[in-house]
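J.: next one to model:
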Amino acid sequence: DYDLLLAGLSADNNTPEHILLLWPLDAAPGAEHLGESETLAFFSLLHLAQSLGDKDWTSVKIGAVSDSGNLSCASLTGACRVISQEFAGMACRHFEISLPGTDRDTASLEALAAQVVEELLSGAGETRVAFRDSRRWTQELDPVTMEVGPTRLREHGVYLITGGLGAAATVVARRLARDFQAKLVLVGRTPVPSASEWDAALERLDAGDETSRKIRTLQELQRLGAEVLPLQADITNKEEMEAVRRAALERFGAVHGVIHAAGVLSDGPLQTKTDETAHRVLDAKVRGALVLDRVFGDSGLDFGNGV
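T.: Residues are numbered from 1 along each chain as shown. Sure thing, here's the model as predicted:
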């Protein structure tokens, strides 16, 4: 659709300098509407940038607008950062607004619209800008000194880590094993042989085999002091994750914390990114986080963190 739109503009000799993307405002909030929100927000912006790139219209300034009450549109900020980095001359910014309530009046809407248009035309550089009650807020990162204080991590605590035995998950698991002798529930997409089969599998498999690497990592965690329970599940599948919760409770009696380290790496230029590859990346992090919240949200966890 964007290709057709830009082709029509080109035929009329109209090359846009500024574009306001308002489709995300039509996205309904809530986890049950995530697919619709992704289509209207992230993928709409992705397709727009790709179509502009195809026509080499990379001097355009884009403002993607979403309602602050719809957290499923938060991926717009990341998309804007990548677009601005990968397309020389193109500036993409995410504007969060708070739409008036059901009693919204024309004057309030007109004032909000004027504020957004003024921001787009201003040439300011912040990727993310939030408008709250006529005030403009921007995000800044300042260095802080971390003070060592009491930890919420328990000695011999039970911690579920998604991402199985991937790089990020393994780093976290080693720390928990070494410093807290934790009981670790390691959830991954691919199965690992049962502990009784590890020695035979290591004799049979090449040293560089992925299963061999996972077994050696599990043995290392045990030597560091951990108890390990590797489980196979799709992090985006609520029923499979409920089965993981039951298995963890049956084995260890509790789950004290969840660390969401699952992720799909799909490097490559945004211009050639397909919906399929983008969905795989988003599903692991976004849908996975929503499923974890639904499965463990009422469990009285000490914490739940994302990596």
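J.: hang on, residue 216 packs against residue 202?
T.: Yes: proximity of residue 216 to residue 202 meets the contact threshold set by CB atoms under 8 Å, at 7.3 Å. Where C-beta positions appear, they are placed from N, C-alpha and C, glycine not excepted.
J.: next, residue 55: phi, psi?
T.: According to degrees, to the nearest 10, the main-chain angles of residue 55 amount to phi -90, psi 0.
J.: and the next helix or strand past the top helix by length along the chain?
T.: For the chain, the longest helix by residue count, based on DSSP state H, is helix 106-122. Per DSSP states H and E, the first helix or strand lying C-terminal to helix 106-122 is strand 128-132.
J.: which strands and helices lie in contact with that following strand?
T.: Other elements packing on strand 128-132 under the criterion 3 or more CB pairs under 8 Å, 6 or more residues apart in numbering; DSSP states H and E are strand 91-97, helix 106-122, strand 135-138.
J.: residue 34 is nearest to which of the ones you listed?
T.: Put simply, out of the helices and strands packed on strand 128-132 the one that sits nearest residue 34 is strand 91-97, at 17.9 Å, with distance taken as CB to CB.
J.: what bits of the stretch 201-307 of the chain have low per-residue confidence?
T.: For the stretch 201-307 of the chain, the stretches with pLDDT under 70 are 307.
J.: let's see it at 80
T.: Across the stretch 201-307 of the chain, the ranges flagged by pLDDT under 80 are 265-267, 306-307.
J.: all helices of the protein, in order?
T.: For the chain, the helices defined by DSSP H cover 2-11, 34-38, 44-54, 75-86, 106-122, 167-180, 198-204, 210-223, 238-252, 275-282, 288-296.
J.: for residue 214, list the residues it contacts.
T.: With contacts defined as CB atoms under 8 Å, 6 or more residues apart in numbering, the neighbours of residue 214 are 164, 165, 192, 230.
J.: how much space between the first one and residue 284?
T.: Just to be clear, that refers to residue 164. Distance of residue 164 to residue 284, computed by CB to CB, to the nearest Å: 12 Å.
J.: could you check the pLDDT of residue 129?
T.: The predicted local confidence for residue 129 comes out at a pLDDT of 95.
J.: number of nearby residues for residue 24?
T.: Burial measure for residue 24: 26 neighbouring residues, criterion other CB atoms under 10 Å.
J.: and stretch 282-299, which residues are buried?
T.: The neighbour-count criterion (16 or more other CB atoms under 10 Å) identifies 282-292, 295-296 as the buried residues of stretch 282-299.
J.: and it, how far apart are its ends?
T.: Stretch 282-299 has an end-to-end distance of 25 Å (criterion: CA to CA, to the nearest Å).
J.: how about residues contacting it?
T.: Contacts to stretch 282-299, defined as CB under 8 Å, 6+ apart, come from residues 31, 34, 38, 42, 72, 75, 160, 162, 235-238, 241-242, 244-245, 255, 258, 260, 262-264, 304, 306.
J.: dump the helices and strands packed on strand 128-132 into a markdown table; add distance to residue 49 as well.
T.: Written out in a markdown table, the entries for the helices and strands packed on strand 128-132 read as follows (distance: least, CB to CB, whole Å):
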| stretch | distance to residue 49 |
| --- | --- |
| strand 91-97 | 7 |
| helix 106-122 | 16 |
| strand 135-138 | 22 |
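J.: closest one to residue 220 among the ones you listed?
T.: Between residue 220 and those, the tightest spacing by CB to CB is seen for strand 91-97, at 42.0 Å.
J.: avg pLDDT for that closest one?
T.: For strand 91-97, mean pLDDT is 95.
J.: contact partners of it?
T.: Residues external to strand 91-97 that are found in contact with it (CB under 8 Å, 6+ apart): 45, 49, 60-68, 76-77, 79-81, 83-84, 112, 115-116, 119-120, 124-131.
J.: kindly recompute the last result at 6 Å.
T.: Contacts with strand 91-97, where a contact means CB atoms under 6 Å, 6 or more residues apart in numbering, come from 61-66, 68, 76-77, 80, 83-84, 112, 116, 127-131.
J.: which among those end up buried?
T.: Buried members of the contacts of strand 91-97, counted by 16+ other CB under 10 Å: 61-66, 76-77, 80, 83-84, 112, 116, 127-131.
J.: buried deepest among the helices and strands packed on strand 128-132, which one?
T.: Looking across the helices and strands packed on strand 128-132 with neighbours counted as mean count of other CB atoms under 10 Å, the highest average goes to strand 91-97: a mean of 24.
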